[in-house]
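[1] Here is a sequence with its predicted model. Questions after.
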Amino acid sequence: QVQLVESGGGSVQPGGSLRLSCAASGFTLGYYAIGWFRQAPGKEREGVSSISSSNGNTYYADSVKGRFTISRDNAKNTVYLQMNSLKPEDTAVYYCALGSWATLLAHDFSSWGQGTQVTVSS
């Protein structure tokens with residue numbers, strides 16, 4: 001059974017950092033692209049970052065470029081999202097998802113985790 005479990009969310013002050021983890025089970029994560037998405041209250045789900053399966057190419061939304069870093073540890077079947085210089089507008093529920101292609105489009109991803117809350121506030 002394919003399962004993705006996010007962790008690492010929490011509350012942090014502006015300028016702080018968090019590292020989110022996406023642990024995969026039921027499949028070999030290295031064969032698939034993984035994306036991180038977020039959804040704030042009243043807003044649509046948006047793509048934050050993704051990483052390809054083949055060559056590890058990474059992609060970022062303009063709003064997080066230079067602040068967020070996606071990485072994968074295939075031995076641990078886990079993908080990470082390091083988030084630095086966090087801003088209040090980064091507040092959202094963050095989801096990881098499984099896909100065939102590394103894009104920032106939600107419809108390209110099939111299986112989703114349950115999400116983890118990130119709150120950036122002073």
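    Nice, I can see it.
[2] CA atoms for contacts and neighbours, from now on please.
    Fine.
[3] Okay, and the beta partners of the residue lying closest to Phe68 once chain neighbours are set aside?
    For Phe68, ignoring the flanking residues on the chain, the nearest one in space by CA to CA, 6 or more residues apart in numbering is Met83 at 4.5 Å. Taking DSSP bridges as the rule, Met83 bridges to Leu18, Phe68.
[4] in a strand, that's where His107 is, yeah?
    No - going by DSSP: H, G, I helix; E, B strand; the rest coil, the assignment for His107 is helix, not a strand.
[5] burial measure for it, as a count.
    8 (other CA atoms under 10 Å).
[6] Next one: it, what pLDDT does it get?
    His107 carries a pLDDT value of 95.
[7] Would you quantify the distance from it to Leu98?
    Distance of His107 to Leu98, computed by CA to CA, to the nearest Å: 11 Å.
[8] got any ranges where the protein has weak pLDDT?
    Within the chain, no range satisfies pLDDT under 70.
[9] got the contact list for the most centrally placed residue in the chain?
    Of all residues in the chain, the one closest to the mean position by CA atoms, centre = their mean is Trp36, 2.5 Å from it. Contact partners of Trp36, counting by CA atoms under 8 Å, 6 or more residues apart in numbering, are 47-50, 81, 94-97.
[10] Looking at the residues you listed, which one is closest to Val2?
    Ala97 (10.8 Å; CA to CA).
[11] Tell me, how many residues neighbour the residue nearest to Phe68?
    20.
[12] Trp101 now?
    18.
[13] ok, now Ser54?
    12.
[14] For Leu29, see how far away it is.
    The value you get for Ser54 to Leu29, if CA to CA is used, is 11 Å.
[15] And for Arg45?
    On the measure of CA to CA, Arg45 and Leu29 end up 23 Å apart.
[16] quick one: which of the two has more around it?
    Leu29 (22 against 17).
[17] which phi and psi does the more buried one have?
    Dihedral angles of Leu29 (phi, psi; degrees, to the nearest 10) stand at phi -60, psi -30.
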